[in-house]
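Asks: Return a 3D structure for these sequence lines:
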Amino acid sequence: MKKLLEKFRARFSKRAKPVESEPRSAVDEPVTTPREKKKTDRFSFVSWMLTLVLVAGLLGSTLYYKSTLPPVIVTLPAATTQEAAGGEFQPSVPSVGGEGSGLSSIFRALQLKTKIPERPRYESVIYRVSRGDAMLRIAESYGVKTESILYVNLQLEDNPHNLKPGMELTIPPVDGLYYEWKDGDTFETVADKFDAEADEIIAFPGNDIDLTNPTVEPGRQVMIPGGSRELRNWAADLQTAARGANTGTGGTNATNSCGGGPVASGFGWPAGSTVISGNGYGPGHLGIDIQADEGDPVYAAGTGIVTMAQGGWNYGYGNVIQIDHGNGYVTVYAHLSVINVSLCTSVGQGAVIGAAGNTGNSFGAHLHFEVRLGGSNINPYQIVQ
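Replies: Residues are numbered from 1 along each chain as shown. Predicted structure coming up:
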């Protein structure tokens, strides 16, 4: 047994000697250098693993935080009364988060329309009249009064009914009038002449006056802000020419050209529509223009006697009817297409006296309606309901 063990140990302890062989030439087989095995970059691997762990941690924290917040309820307001009336709707803006949420925000009021402030205008502009234009609408679109347009545009002869399609109007930058400076004028004398303020003339930027030495060369056009002048009273011309100065000026109608008539106890609307379609009452327009189509009936505003029923031009009034109501009031109905009454005809309130039209100095059918008290025009809205 001992011999067998030694034999087994000797057998496995022997090492085989390398077999020597002849060297091969480079021609027979190329000598190649075995590539070294690439070592694993442990630093890069660890860095990526740490990055993934950090991202996963942040994401989990965010989701957990949001899950703990109370729900946000946004209530949209219903349409306001202003919106229902056609005004601009200003919705309220809800806050974000609730009490204890840790979130709070200050919101700026939300506006559905961007409001661009209008820059003041210091120069006049030219406006070309179109068919259907009215003095009141033109004045409102430029932010001035109708009388200011009449002051500046002498071709209108102080009559808003002289508007004609194609006419070019000068629209002043502010209410007032232009004045050609004359030799010897001072700011004080010019201001007194047009019921204005001297300081406003000097300070108006459009006049380009040197404030350190305020002077104006003769012949120069100067804007008089807030200035005014007397306008021609076309109603007085019609009154004098058509029916005499005494008509409608007394307490009873006994002084009119017909020798008397019924007395009105109240007044009503003279047309089927109550919409103002053109010019309202004011300086330069001594009545109101009521919307009416060609041929629409025109009613007597009150009981009285007809002191004028005349066709033709009539100072731009066209076919016109005038009624003396015997109580100091006189009413005028102009631009008619048809006249159904004659001079000295007695009429009751609401009687059809004619039809609306487009005669005289007018373009576009409507009813021009005036009210006079004691010979002077007043706003029809003072008596007509």
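Asks: quick one, what contacts the spatially closest residue to residue 340 that is not a sequence neighbour?
Replies: Distances taken as Cβ to Cβ, 6 or more residues apart in numbering put residue 354 closest to residue 340, at 5.2 Å, once the chain neighbours are dropped. No exception for glycine: its C-beta is placed from N, CA and C like everyone else's. Residue 354 makes contact with 297, 298, 319, 321, 333, 336, 337, 338, 339, 340, 341 under the criterion Cβ atoms under 8 Å, 6 or more residues apart in numbering.
Asks: Also residue 214?
Replies: 187, 202.
Asks: What confidence value was assigned to it?
Replies: For residue 214, the model assigns a pLDDT of 94.
Asks: So it versus residue 188, what's the distance?
Replies: According to Cβ to Cβ, to the nearest Å, residue 214 and residue 188 sit 11 Å apart.
Asks: quick check, nearest of the contacts of residue 354 to residue 128?
Replies: residue 337 (27.9 Å; Cβ to Cβ).
Asks: Neighbouring strands - and their directions - for the helix or strand containing the closest one?
Replies: Following DSSP states H and E, one finds residue 337 within strand 329-339. Strand 329-339 has these partner strands in its sheet, going by DSSP bridges: strand 319-324 (antiparallel), strand 352-356 (antiparallel), strand 366-373 (antiparallel).
Asks: Tell me which of these lies nearest to residue 141.
Replies: For the strands paired with strand 329-339, proximity to residue 141 was assessed by Cβ to Cβ; strand 366-373 is nearest, at 18.9 Å.
Asks: Could you pull up the mean pLDDT of that closest one?
Replies: 91.
Asks: contact partners of the next helix or strand after it?
Replies: Where DSSP H and E defines the elements, the next helix or strand beyond strand 366-373 is strand 376-378. Identification of contacts with strand 376-378 by Cβ under 8 Å, 6+ apart yields 235, 286, 287, 370, 371, 372.
Asks: now do stretch 290-299
Replies: 268-277, 321, 333, 336-338, 349-358, 365-369.
Asks: let's see it at 10 Å
Replies: Here stretch 290-299 makes contact (Cβ atoms under 10 Å, 6 or more residues apart in numbering) with 268-278, 321, 333-340, 347-358, 364-369, 380.
Asks: Let me know the average pLDDT across stretch 309-317.
Replies: For stretch 309-317, the mean pLDDT works out to 85.
Asks: Could you do stretch 52-62 as well?
Replies: The average pLDDT within stretch 52-62 is 77.
Asks: hmm, back to that, which of the contacts of strand 376-378 sit farthest apart?
Replies: Greatest spacing in the contacts of strand 376-378, by Cβ to Cβ: 235 and 371 (10.6 Å).
Asks: Compare those two (neighbour count), which wins?
Replies: residue 371 (25 against 19; other Cβ atoms under 10 Å).
Asks: ok, back up a step: same question for the strand holding residue 337, mean pLDDT?
Replies: 94.
Asks: any common contacting residues for residue 235 and residue 371?
Replies: Common neighbours of residue 235 and residue 371 (Cβ under 10 Å, 6+ apart) are 286, 287, 330, 332, 377.
Asks: May I ask which of these has the most neighbours?
Replies: residue 330 leads the shared contacts of residue 235 and residue 371 on contacts (other Cβ under 10 Å) with 28 neighbours.
Asks: Let me know the distance separating that one from residue 370.
Replies: If you go by Cβ to Cβ, the gap between residue 330 and residue 370 works out to 8 Å.
Asks: Do a quick rundown of the strands in the stretch 51-200 of the chain.
Replies: Remark: strands assigned in the stretch 51-200 of the chain by DSSP state E, counting those that start in this stretch are 125-128, 168-171, 176-180.
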